[in-house]
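Enquirer: my questions are about this predicted structure, shown below with the sequence.
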Amino acid sequence: DWTMAEFRATKIQEIREQVGSGRVICGLSGGVDSAVAAVLIHEAIGHQLTCVFVDHGLMRHGEAEQVVSLFRNHYNIPLVHVDVEDLFLGGLAGVTDPEAKRKFIGKTFIDVFETEAKKVGGADFLAQGTLYPDVIESVSFTGGPSVTIKSHHNVGGLPERMNMKLVEPLRELFKDEVRELGRELGLPEAFVGRHPFPGPGLAIRIPGEVTKERCDILRKADLIYLEEIRNAGLYDAIWQAFAVLLPVRTVGVMGDGRTYDNVCALRAVTSTDGMTADIYPFDAAFLSRVATRIINEVRGINRVVYDYTSKPPGTIEWE
Ligand code: XMP
């Protein structure tokens, strides 16, 4: 029986003991977990921490700006913003296998962290916002044989040759507890309440090859979908909602012309910890409004479908 204030104090002590006088690098993904980890570690060790926002070009619309402004303006925590879109998209060219994408992204994150660590005179530790469910899911099905479902990049997707030791202060926590800790640390409610966003970003929401053009199409569709969810007052009732750009083209008709464009799938689930999930039962009018807007406003998409798969048997992300 503990409170978040106690947890905060205990973790700060633990982080200080683990790190000593070493240097820590913390990657910010745009999500709540890495932001909470960074703020907590900063409170523990101050300037021994370097926060790095790896802008891999796989973020949602506006995400980079929001994270950078949270750290620089709200907290005044120094933040290195590295633009490595070309490195990530270049390496993802031609890659279609989901685990290959995850492995490449995990490895490239580490390359970037190591490069940034050198610039500050080296780092002994890499901090990550790994949560308890990430730990479990990257290891095995509970109770079954040890089978990796997918390599969450902040756990199993890391390369083995990594030189830095891991600092993972949130490893025992579930999402709702991380949000509580975030509030305890003074993160703005709008940031704390954000839907989870995976480290590999839009790359795992674009089955098949990831290109800048496809990322741009997906960002537009995703923005419209989330805007409609917010306008309908549904954002906080949903664990996670996002669009997926399928590698399938279908025939359509617009005005008096034929179209032959991509299919976009919409996903929204409720969950308490991300380990199981149910589909969110939107009403038909809501879904048709979103579909119409996406098809009318996003060039490159001419058909929208809704994903009716719970977890299990589906996972939340498509890859
Ligand atoms: P799945 O797709 O495994 O997702 O049902 C469960 C939750 O984890 C998020 N997710 C990730 N988060 N790095 C992360 O930090 C990852 O590689 C990753 N893969 C999935 C997913 O968005 C969902 O909330």
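Expert: Everything's here; your move.
Enquirer: confirm that residue 25 sits in a strand.
Expert: Yes: per DSSP: H, G, I helix; E, B strand; the rest coil, residue 25 lies within a strand segment.
Enquirer: chain center to the lengthiest helix in the chain, what's the gap?
Expert: Looking across the chain with DSSP state H, the single longest helix is helix 98-119. The chain centre lies 15 Å from the centre of helix 98-119; the measure is Cα atoms, centre = their mean, to the nearest Å.
Enquirer: what's the first helix or strand after it?
Expert: strand 125-127 (DSSP states H and E).
Enquirer: quick one: contacts of that next one?
Expert: Identification of contacts with strand 125-127 by Cβ atoms under 8 Å, 6 or more residues apart in numbering yields 18-19, 22-27, 37-38, 41, 49, 110, 113, 162, 164-169. (Each C-beta comes from the backbone N, C-alpha and C, glycine too.)
Enquirer: can you tell me which of the residues you listed are buried?
Expert: Among the contacts of strand 125-127, those classed as buried by 16 or more other Cβ atoms under 10 Å are 18-19, 23-27, 37-38, 41, 49, 110, 113, 164, 167-169.
Enquirer: so what's residue 258 up against?
Expert: Each residue near residue 258 by Cβ under 8 Å, 6+ apart is listed here: 251, 252.
Enquirer: so it: helix, strand or coil?
Expert: Classification of residue 258 using three-state DSSP returns strand.
Enquirer: swap in the one 4 residues further on?
Expert: For residue 262, the secondary-structure state derived from three-state DSSP is strand.
Enquirer: wait, isn't residue 149 in contact with residue 137?
Expert: Yes: between residue 149 and residue 137 there is a contact at 6.0 Å, judged by Cβ atoms under 8 Å.
Enquirer: the more surrounded of the two?
Expert: Just comparing residue 149 and residue 137: by other Cβ atoms under 10 Å the higher neighbour count belongs to residue 137, 21 against 13.
Enquirer: list the buried residues of the host helix or strand of residue 16.
Expert: Assigned by DSSP H and E, residue 16 falls within helix 4-19. Residues 4, 7, 8, 11, 12, 15, 18, 19 are the ones in helix 4-19 that count as buried (16+ other Cβ under 10 Å).
Enquirer: contact residues of the stretch 101-250 of the chain facing the ligand?
Expert: 137, 150, 152, 153, 154, 196, 198, 199, 200, 240 (Cβ under 6 Å from any ligand atom).
Enquirer: restricted to strands, list the residues you listed.
Expert: Within those, residues falling in strands by DSSP state E are residue 240.
Enquirer: what's near enough to touch the residue nearest to residue 127 when sequence neighbours are not counted?
Expert: Using Cβ to Cβ, 6 or more residues apart in numbering and skipping residues adjacent in sequence, the residue nearest residue 127 is residue 26, 3.8 Å away. Contact analysis of residue 26 by Cβ under 8 Å, 6+ apart lists 34, 37, 38, 41, 49, 50, 51, 52, 126, 127, 128, 167.
Enquirer: partners of the one helix or strand residue 249 maps to, with directions?
Expert: Using DSSP H and E, the element containing residue 249 is strand 240-254. Neighbouring strands of strand 240-254 in its sheet, by DSSP bridges, are strand 257-270 (antiparallel).
Enquirer: now do the buried residues in the partner strand.
Expert: Buried positions in strand 257-270, judged by neighbour count with 16+ other Cβ under 10 Å: 259, 261, 262, 263, 264, 265, 266, 267, 268, 269.
Enquirer: what ranges do the helices span in this protein?
Expert: 4-19, 32-45, 63-69, 85-92, 98-119, 132-139, 175-184, 189-192, 212-231, 284-297.
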